[in-house]
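# got a predicted structure here, sequence first:
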Amino acid sequence: MTIGRIISISELNVKIFLDDDVKVSIKEILETTCNGNVYRFEVVSIDENIVTTIPFDSVIGLKRGLNVVKHSDNLDIEYSDKAIGRVFNSYGEAIDGKEEVRENTKSVYDKNLSLGEIDINGEILWTGIKVIDFFAPLQKGFKMGLLGGAGVGKTVLIKELINNVYMTLRSNAVFVGVGERSREGKELYDEMLDADLLDKMCIVFGQMGENSTSRSKAIYSGLTLAEYLRDEKKQDVLLFVDNIYRFVQAKSEISNELKNVPVENGYPTTMISDVSDVEERINSTGDGSITSFQAIYIPADDITDEAVQTILSHMDGQLVLDRKVAEKGIYPAVNVFKTTSKSIDIEKIGKKHYDLVEQSLKYLTRYEELEEIIAVLGIEELSDEDKSIFYRSRKLRNYFTQPMFVAENYTNIPGKFVKIEDVLIDVNNILTGVYDNEDESKFLFIGDYHGSFNQG
């Protein structure tokens, strides 16, 4: 049934004049048809009989006077096992060339957790990746910022995390591409397929070439899939968001098109609430958890940018991948000085682990200072104590490399899952000199060391 007609059109703003006695709600989906093409819009504001909507796709081909009908209450996506192993667009539509799945859908805006259901004392989520478990252990329900540019091994690390969590917990993962290049999306799809991980995860893409509405909605669809795995499957889910800053950017573009007055920095006045709406849905319960890694683009390398600071205020830590570390052949290329986690607390990880982290950072800090001294004066000028720190730190640095399961085809080195108990023994042995007579090359791309050392 016709409910109104289009009276004005712009790239991200379609105004509709409603017929008398017709009522619509915010976030309701309307649609029209022109030349065989279906166009959909989401209601964002209502002023008596005039409704402002944002179009889901390009407005090319639309014209004033077209009749509009109701499509649905609001956006929804498949909420069943049928979503696992599938790829969706921002609007919950399958885009992997397989059969459309609409068995049991749910609104992407539903928030179904009460304050009493949230568990803030979730267990540590051990990943089997030494550098993460040691320097930045994850707690179930944590939100971790993932910082690092192209070419530093981010995709390989994401794949390894998905693999390890599935291997140990049989839990699925969700990947959300917000503003992804279509080429990168296809590459990720192919890589997950090759690594036999595609059937262990759900993927949502809001591609860079699509309009701002698409880029702003992908995160909601991804969250709904993650909530299904947590609440219905009772799983500990890994949620990867690449890139959360693009979500804020898309919201800003929509706000500007709607002629909303921005705050001084150009971001919309709703930015804080927009980010909160997303982040507050990432939590742990008594039955399951959503633990997220969120890539954060830093505009102009300005960490003080208000959008970046708003996002970081919700993070429980950050994992920083550094090109300088990668250039030394250290993978995962984690900068341990910039990597943080709220779990580095005696109450959460115990005194032994806490003390070893402090001591390791102290050694590695001194090692960087010694490198500069050696470059000028040579290693012979160092004191015996500094020589010990230098050589032990090199072993420590090498030890935190790791062969990845998902990279076995490229490296010909079997992947390793390393228990935190073994990591603590090895790090303690390195720092106390137990391995002083061992060559540092023996510590490169291994699992734990003390087992093979004792056997040898």
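All right, it came through fine.

# what helices or strands is the lengthiest helix in the chain leaning on?
As assigned by DSSP state H, the longest helix anywhere in the chain is helix 351-377. The contact analysis (3 or more C-beta pairs under 8 Å, 6 or more residues apart in numbering; DSSP states H and E) places helix 351-377 against helix 130-135, helix 384-399, helix 420-432. All C-beta spots, glycine's among them, are computed from the backbone N, C-alpha and C.

# highest mean neighbour count out of the ones you listed?
Each of those was scored by mean neighbour count; the highest is helix 130-135, a mean of 23, by mean count of other C-beta atoms under 10 Å.

# which helices and strands does that one pack with?
By 3+ C-beta pairs under 8 Å, 6+ apart, helix 130-135 packs against helix 351-377, helix 420-432.

# may I see the buried residues of the longest helix of the chain?
For helix 351-377, burial by neighbour count (16 or more other C-beta atoms under 10 Å) applies to 353-354, 356-357, 360, 363-364, 367, 370.

# quick check, nearest of these to Thr291?
His353 (19.1 Å; C-beta to C-beta).

# picking up where we left off before, between the longest helix of the chain and helix 384-399, how big is the angle?
110 degrees (axes from the mean of the first three to the mean of the last three C-alpha atoms, to 10 degrees).

# now helix 351-377 against helix 420-432, angle please.
Orientation of helix 351-377 against helix 420-432 (the same axes, to 10 degrees) gives an angle of 40 degrees.

# can you give me the helices for the stretch 201-350 of the chain?
In the stretch 201-350 of the chain, the segments counted as helices under DSSP state H, counting those that start in this stretch are 212-231, 244-257, 271-279, 306-312, 323-327, 346-349.

# in CSV, list those helices along with mean pLDDT, distance to Pro55 and mean neighbour count.
Output for the helices of the stretch 201-350 of the chain, formatted as CSV (pLDDT from 0 to 100; distance: least, C-beta to C-beta, whole Å; neighbours: other C-beta atoms under 10 Å):
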stretch, mean pLDDT, distance to Pro55, mean neighbour count
helix 212-231, 92, 7, 26
helix 244-257, 88, 10, 22
helix 271-279, 91, 19, 17
helix 306-312, 91, 24, 18
helix 323-327, 89, 39, 15
helix 346-349, 93, 47, 14
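
# distance to Asp81 for the ones you listed - can I get that in a markdown table?
Converted to a markdown table, the helices of the stretch 201-350 of the chain look like this (distance: least, C-beta to C-beta, whole Å):
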| stretch | distance to Asp81 |
| --- | --- |
| helix 212-231 | 9 |
| helix 244-257 | 27 |
| helix 271-279 | 25 |
| helix 306-312 | 32 |
| helix 323-327 | 38 |
| helix 346-349 | 34 |
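
# go through those and name the closest to Glu42.
helix 212-231 (7.2 Å).

# could you check the angle that closest one makes with helix 271-279?
40 degrees.

# any idea how far Arg394 is from Ser360?
13 Å (C-beta to C-beta, to the nearest Å).

# mind giving me the domain split of this protein?
For the chain, the structural domains run 2-74, 77-342, 351-455, going by automatic domain parsing.

# Ser80 reaches Tyr228, doesn't it?
Yes. Between Ser80 and Tyr228 there is a contact at 7.3 Å, judged by C-beta atoms under 8 Å.

# quick one, strands of the stretch 1-150 of the chain?
Remark: strands assigned in the stretch 1-150 of the chain by DSSP state E, counting those that start in this stretch are 2-10, 13-18, 29-34, 37-47, 50-55, 67-72, 76-78, 87-89, 105-107, 124-125, 138-139, 143-147.

# now the first one: buried residues?
It refers to strand 2-10. 3-4, 6, 9.

# and of those, the nearest to Glu103?
Glu103 lies nearest to Ile3 out of those, by C-beta to C-beta, at 28.8 Å.

# what about the nearest residue to that closest one once chain neighbours are set aside, distance to Arg5?
The shortest distance from Ile3 to any non-neighbouring residue, by C-beta to C-beta, 6 or more residues apart in numbering, is to Val22 (4.6 Å). The gap separating Val22 from Arg5 is 11 Å, by C-beta to C-beta.

# per-residue confidence for Arg181?
Note on Arg181: pLDDT of 67.

# cool, and Phe453?
51.

# one step back: with respect to burial, which of the strands of the stretch 1-150 of the chain scores highest?
strand 138-139 (a mean of 26).

# against which helices or strands is it packed?
strand 124-125.

# returning to what we had before: mind putting the buried residues of strand 2-10 in JSON lines, pLDDT and distance to Gln318 included?
Output for the buried residues of strand 2-10, formatted as JSON lines (pLDDT from 0 to 100; distance: C-beta to C-beta, whole Å):
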{"residue": "Ile3", "pLDDT": "91", "distance to Gln318": "47"}
{"residue": "Gly4", "pLDDT": "92", "distance to Gln318": "47"}
{"residue": "Ile6", "pLDDT": "94", "distance to Gln318": "45"}
{"residue": "Ile9", "pLDDT": "92", "distance to Gln318": "42"}
